[in-house]
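Visitor: Below are the sequence and a predicted model; questions follow.
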Amino acid sequence: MTNDPTTLPAHGDPVLRVDNLVKEFPIQAGLFRRQVGLVQAVSGVSLDIHEHETLGVVGESGCGKTTLGRTILRLLEATSGSVTYKGESVSGAPNSRMRELRRHMQIVFQDPFASLNPRMAVRDIIAEPLRIHGESRAVASARANELIDAVGLLSDYGNRYPHEFSGGQRQRIGIARALALQPTLIILDEPVSALDVSVQAQVVNLLEDLQNEFKLSYMFIAHDLSVVRHISDRVAVMYLGKVVEVADRDSIYDRPSHPYTQSLLSAVPVADPNAERNRRRIVLEGDLPSPAAVPSGCRFRTRCPIAAERCSYEEPEMQTLADGHEVACHFPLSPGESLIEVAAARGR
Amino acid sequence: MTEPVISFDDLSVSFPTDDGMVRAVRNVSFDVEPGEVMAVVGESGSGKSVTALAAMRLHPGSTEITGEVRFGGRDLLGIGEKEMRRVRGNGIAMIFQDPMTALNPVMKVGAQIAEMVLTHDDVSKKEAWTRAADLLESVGVPEPGRRVKQYPHEFSGGMRQRAMIAMAIANGPDLLIADEPTTALDVTIQAQVLEVMKTAQEATGAAILLITHDLGVVAGIADRVVVMYGGRVFESGSADQVFYRSQNPYTRGLMSSIPRLDAPKGERLIPIPGTPPNVLNPPSGCAFGPRCAFASDGCHEAHAELMSVGFDGTHRSRCHKLAELPDLFAAAETR
Amino acid sequence: MSDTTVEQHQLEAEGLSIKPKSFGRQTWERFRRHRLAMISFVILVLLISSFWIVPILSPYGVNEYDIKDLSQGPSWKHPFGTDDIGRDLMTRTMEGAQVSIYIAAVVALVSTGIGTLLGAFAGYFGKWVDAVVNQMINLILVVPAIVVLLVMGIKFGGSVNQVALLVAAISWITIARIVRGLFFQIKEAEFVQAARAAGAGPGRIIFRHILPNAMGPVLVQITLVSGAAIILESTLSFLGLGVTPPNTSLGKLISDSKGFITVTPSRVLIPGAILTALVLCLNFLGDGLRDALDPATRKTRQ
């Protein structure tokens, strides 16, 4: 296994391009399940993922990050917008072509207890994608054995059933299944957040090793900002269905431009008592608004300490700042500027 | 030194399951001093929650408990159920992980807080409701007058957790037990709730026993820390002792396995190999032995005793290799 | 880490037990601990096998009558007594019970087949498929079952198979409703999403992923449906619309003896007791299966 966590700069054509993707869910009510409204879980997200790159997608629950991942893979059908894989339209692919495309794009789920069929032995779970794509039982089993080894499980485990394993082991099985078809892109939907702290690091390291070994591109969806910083090359921050900021990993953590990014980062608890004593935490007021009733203008304005009048009627466009950050805010913070100080200066 | 609020003395808890006896807590002893925040840290199966539930006597009937839990001058495990009910809420209050299941969904939030007030205080119903609104205000719920008349499902996750805290502090308890109070919440809401807990503690002077797996939360709020693994206390001491001068391979491993927000680029995580022990089939000897980088044959034979490290007796650790640890850690560092 | 031999300490480090347990094996171990269900299971096996063994050993034929012994109570010669035309009731009861069991089995098979298939399609595809199946279920639910059976019984009743199919035509709805509900729930599970993400089509998803995970509750329901089928058949036969002579069944035996309840009460009591025992055992068996299959108690870790 390679031990080289170097990150390649984004270059060339993206492996995956998401353009203005929208996913709406109907709100149904009453006896006849009449549609009474729409929730936009994902409202106009555009992203690129390059070869051998990890794009972290962070946000709080309800921000649409999980829906985004599933809509990209067409586990949910998009309402509008497009997804292209290496220049080929995924959104418009007919069923037969979609089956082929699925070879290239796989997913690892959050809940290791729900993502494995309890009635199938581990080897069959991992071999199944190959069987679906027409491999013989013998070939699929042999490949499954290799994968069991590749994700650091003992080959003896192939005959066991998922319920015997702990969360971390199950997540390895889920990763092996995702690798079975030799994809180029894997969407990792909160792959470590259900795991014990001591086990999370094992899985993160495994994901990094596999990425280097198989030249994978990752979309790493998570709410844990520390893990995202660790694994990502670039990070996209989502709030209420929209991407509010995208930038390189270190840049976004060291110089967050969007007020939401900055408050999110300041809220992350750090396992260091001295750092905790000395830090100034921005405690955001209020709760996340319901996705069924998003605020007008900028969606973050109801909780933003520096919101101005303009924010209430004009939705900010995504703009590229001098330091390369893409940010959707009328008043982005310049590098080094602290939200607390800016807010204080404005008399709030 | 003042009398501790609660002291766990040689507490062991076992319960039967279909697959055999689970010895969830094994000979656990520690104290919580008045007004302090004591964090019990551990992973799944460490016994941290079971310890807390034993203090509240909220465990199922088939559970076997030995040892003592001393609170207010008596052993909570030895008193009658009626007396225990007076202790709950009045002396010890609990904040649960999931406020949605801990609050009654068909009762107004105000009614639930008022009921708490009424069971322990002889006041009129009207006054209890006023108190409920005041309590909600004190935990930062806006428009408390309107909010008391709402049902739990009309509250957001963060607001529900505040309502839970309001209920918990309603009768000015001496001890608040918070079982993973922020685990179900988003980071920005988590920051709010921790803030509220701190404020509530300062206002009431209650001690907090915080059960969590999140070392970040512990670092932010705890005065002292107990680290549990496989049902046993592995290390205990002040937050600084445990975070900066840990004398335990498990605690050290845990610290180095979490990614840090301020870590330099490309730094590789150092995970603990293996999996937390199977509660039904724990390893022989030291529970951490099979995963420990420093373990030798002796570690797999018997478990170590919890020993004092340093001179003032405030820092304790459980490890067969306690004497060699500083050298072992130093050697591991240079590798 | 590619050793094929697994050492004890490796398993300990990974928190695993040494012996792999399959889902079925684990369920069986749980079931064995459910004492009432185990006893019921044993009684059921003994009862049912006796239904087939006793007539073979019996010196009397089913329709062989003995004019000397009419309407006798239990005796050494005729342990269950004789009926009003002198037939040995032990042989007849066993033969009748065979018919009841046969009907229960056919009902279980047919209604599970129809119910599972329709419920699966309704739950998986939703939309109009679900609407159609739901309307069928509602139709059967709103029309009183016994009335339908009576009317249909007059037209189709008589042969054992006809009675069984009639009862099955009503019993499938309980299975269909359970399967439909389970499918709605399980199709959202992440392992099903994972199969879709791998390119699996509806057939594979339904039969390989969802159905095996829905079979637990269905199995429980089958035991209850079988019990209900035995009762329904007896009701029909009691009302004279079930199996017709020379065939007999437990219900028919009770029906035939209703005029003799004062003369030889054992003629009613014995088939009645067997009937009750069968249905009770099936229900307890269902309880045991439910507990053994309940996913809530399945977690090995806290």
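Guide: Cool, the structure landed.
Visitor: In stretch A:82-98, which of the residues would be classed as buried?
Guide: By neighbour count on 16 or more other Cβ atoms under 10 Å in any protein chain shown, the buried set for stretch A:82-98 is A:83-85, A:90-91, A:93. Where C-beta positions appear, they are placed from N, C-alpha and C, glycine not excepted.
Visitor: The lengthiest helix in chain B and chain A in contact?
Guide: Ranked by residue count and defined by DSSP state H, the top helix of chain B is helix B:187-204. Yes - interface with chain A: helix B:187-204 contributes B:187-192, B:194-195 (Cβ under 8 Å from any Cβ of the partner chain).
Visitor: now the strands: where do they sit in the chain?
Guide: Since you didn't name a chain, this refers to chain A. Taking DSSP state E, the strands of chain A run over residues A:16-29, A:34-49, A:54-58, A:80-85, A:88-89, A:105-108, A:185-189, A:217-222, A:234-239, A:242-248, A:319-320, A:326-327.
Visitor: my bad, chain B
Guide: Along chain B, the segments classed as strands by DSSP E run B:6-17, B:20-32, B:37-41, B:64-71, B:74-75, B:92-95, B:175-179, B:207-212, B:224-229, B:232-238, B:306-309, B:315-318.
Visitor: looking at those, which is closest to residue B:165?
Guide: Minimum separation from residue B:165 across the strands of chain B (Cβ to Cβ) falls at strand B:92-95, 5.9 Å.
Visitor: can you list contacts of the closest one?
Guide: For strand B:92-95, the external contacting residues (Cβ atoms under 8 Å, 6 or more residues apart in numbering or on different chains) are B:6, B:52, B:55-56, B:58, B:71, B:88, B:161, B:164-165, B:167-171, B:173-179, B:181, B:197, B:206.
Visitor: Now the stretch 151-300 of chain B against chain A: closest residue?
Guide: residue B:216 (2.8 Å; Cβ to the nearest Cβ).
Visitor: what's near enough to touch the closest residue to chain B within the stretch 151-300 of chain A?
Guide: Relative to chain B, the nearest point of the stretch 151-300 of chain A is residue A:269 (2.8 Å; Cβ to the nearest Cβ). By Cβ under 8 Å, 6+ apart, the contact set of residue A:269 is A:276, B:187, B:190-191, B:194, B:214, B:216-217, B:219-220.
Visitor: One more pass at 6 Å, please.
Guide: B:216-217, B:220 (Cβ atoms under 6 Å, 6 or more residues apart in numbering or on different chains).
Visitor: what pLDDT does residue A:11 get?
Guide: As predicted, residue A:11 sits at a pLDDT of 55.
Visitor: for the longest helix of chain B, packing partners?
Guide: Helix B:187-204 sits against helix A:259-267, helix B:157-169, with contacts defined as 3 or more Cβ pairs under 6 Å, 6 or more residues apart in numbering or on different chains; DSSP states H and E.
Visitor: Could you check the angle the shortest one makes with strand A:54-58?
Guide: Meaning helix A:259-267. Orientation check (axes from the mean of the first three to the mean of the last three Cα atoms, to 10 degrees): helix A:259-267 against strand A:54-58 gives 90 degrees.
Visitor: Likewise for the last one?
Guide: Per the same axes, to 10 degrees, the angle that helix B:157-169 makes with strand A:54-58 is 50 degrees.
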